[in-house]
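A.B. asks: Got a predicted model here, sequence first, then my questions.
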Amino acid sequence: MAAYNNLETIEDVQNAVNYLAGAKTTLDNKDLAFKCIRKAMFFKDLDLEFEARYEFLQQCCFLNYQEEMIAQYPWFLKICDDNPGRFRYSSVLWAFKWVLNILPAFHNVPLERINALLTEFERRYREFGATDRVIQYSFLKVYSLIGENEKAREAYEAYKRAPNKWERLMDCSACELNSILDIYIDNKDYKTALKMAQPILNGELTCAEVPMITYPKLIIPAMEMGEEELAEDMAYKALKELNSATEEVEGYCQLLPYLSVKGDFVTARKIFEAQFPSLKVRKSDFMLVYFYMYSGIMFKCMARKDKPTVKLAINGALPLEHLQTGNEGEYYSEKLQQWFEEMALHYASLLDNRNGNNTYKEFVEYKQGWVEKYC
């Protein structure tokens, strides 16, 4: 990284952008990409600016800096429309999927805008030659996020009817299957979800993110189907896989129920303390629902397992002073449970009010009730 501190010439910026193209997603690399954008603009090199912005977009996407990514994306569509054939339009279309996956997670994005985005997505993808195999696959993920389970199933059926052949804008097979599992998990068809997941669980389908992001979501389904050994194995592997992915709020939070009902509060608390600071800059309502809901489950299990108080190293990052025992950094477990449950329902209601259904409220209430059987 030190070699790219001085971006004095166009060649320096080009070398830094080339480095970023193969680099890991880190906060340092995100900052470097932003510096490259500013330098490319200073040199008035539009092609270099495009490449720098794209590297920044990727860093924001995979570090879960969601608002920054959304703010960046319209620039790419405009620059490609204004300069047909000049830039990597296929890469811009690929990133459109990232936007679709993120935008519905914010309650202040109206359904009208989401539907307009789906229309534009379909138009651009069909003009590029994409079929329903790609388009409906992306649609089903959006419909799941906004609680339209029937539309998600219809999109899935359209996806299955499309020719099963490779397309340029397809996700990899591992990512596709990982996303499709959500349809069955959302409908609590855990038996089918576990059966369909076998190619991932036995190592036939893998990629940079799968099975890392698959294990956590299948732990509760495995427990519900009486597959305790499978649940334990996936929890162990998930902790191992996620060890270096400290930004995976959703994946880590999905581990909290299992760790908590098993009484491993040391690991659960470490996950909680490591993940909550990220919410200050990655604050989609969807992520907040997950974080508050699963944290509430952790504190509920503590209270039920004779852990009436807990020490947390959060340094005032959350407004929890009124829940302290009087000892610095020590909190009442039951009061934490109640506060986090209320916050989860609050953010769930924001999404449900936008979506016009009760999907997230029912999701939170189901998870809160689920823990009653195990804790």
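C.D. replies: Looks like it arrived, so ask away. Fair warning: this is a prediction, and the values are worked out from it, not measured in the lab.

A.B. asks: low-confidence ranges in the stretch 1-150 of the chain?
C.D. replies: 1-2 (pLDDT under 70).

A.B. asks: Relative to Thr267, how far out is Ala238?
C.D. replies: For Ala238, the distance to Thr267 equals 11 Å [CB to CB, to the nearest Å]. In this view, the C-beta of every residue, glycine as well, is placed from N, C-alpha and C.

A.B. asks: more neighbours, the two?
C.D. replies: Ala238 (25 against 15; other CB atoms under 10 Å).

A.B. asks: show me what contacts the more buried one?
C.D. replies: Ala238 makes contact with Met212, Tyr215, Pro216, Ile219, Gly251, Leu255 under the criterion CB atoms under 8 Å, 6 or more residues apart in numbering.

A.B. asks: Those residues, buried ones only, as a ChimeraX selection?
C.D. replies: To isolate the buried ones among the contacts of Ala238 in ChimeraX, judged by 16 or more other CB atoms under 10 Å, type:
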select :212,215,216,219,251,255
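
A.B. asks: Can you add pLDDT and give the contacts of Ala238 back as a markdown table?
C.D. replies: A markdown table is the format used below for the contacts of Ala238 (pLDDT from 0 to 100):
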| residue | pLDDT |
| --- | --- |
| Met212 | 91 |
| Tyr215 | 96 |
| Pro216 | 95 |
| Ile219 | 97 |
| Gly251 | 86 |
| Leu255 | 94 |
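
A.B. asks: Farthest pair within the contacts of Ala238?
C.D. replies: Greatest spatial distance in the contacts of Ala238: Met212 and Ile219, 13.2 Å, computed using CB to CB.

A.B. asks: Next, the buried residues of the longest helix along the chain.
C.D. replies: Ranked by residue count and defined by DSSP state H, the top helix of the chain is helix 333-355. Neighbour counts over helix 333-355 (16+ other CB under 10 Å) mark 333-341, 343-345, 347-352, 354-355 as buried.

A.B. asks: so Thr359 makes contact with Gly147?
C.D. replies: Yes. Judged on CB atoms under 8 Å, Thr359 makes contact with Gly147 at a distance of 3.0 Å.

A.B. asks: Find residues that contact each of those two.
C.D. replies: Contact with both Thr359 and Gly147 is made by residues Leu351, Asp352, according to CB under 8 Å, 6+ apart.

A.B. asks: Tell me which of those two has more neighbours.
C.D. replies: Comparing Thr359 with Gly147 by other CB under 10 Å, the one with more neighbours is Gly147, at 22 against 19.

A.B. asks: Surely the more buried one forms part of a strand?
C.D. replies: No. Counting by DSSP: H, G, I helix; E, B strand; the rest coil, Gly147 is not part of a strand but coil.

A.B. asks: surely it meets Asn357?
C.D. replies: Yes. Gly147 lies in contact with Asn357 (CB under 8 Å); the separation is 4.4 Å.

A.B. asks: could you pull out the helices for the stretch 1-150 of the chain?
C.D. replies: Using DSSP state H, counting those that start in this stretch, the helices of the stretch 1-150 of the chain run over 10-21, 27-42, 46-62, 66-82, 89-102, 111-128, 132-145, 149-161.

A.B. asks: and these as CSV, adding mean neighbour count?
C.D. replies: Formatted as CSV, these follow (neighbours: other CB atoms under 10 Å):
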stretch, mean neighbour count
helix 10-21, 18
helix 27-42, 18
helix 46-62, 22
helix 66-82, 16
helix 89-102, 18
helix 111-128, 14
helix 132-145, 22
helix 149-161, 16
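
A.B. asks: In a markdown table, list these along with distance to Gly203.
C.D. replies: What follows is those, written out as a markdown table (distance: least, CB to CB, whole Å):
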| stretch | distance to Gly203 |
| --- | --- |
| helix 10-21 | 29 |
| helix 27-42 | 30 |
| helix 46-62 | 23 |
| helix 66-82 | 31 |
| helix 89-102 | 25 |
| helix 111-128 | 31 |
| helix 132-145 | 23 |
| helix 149-161 | 24 |
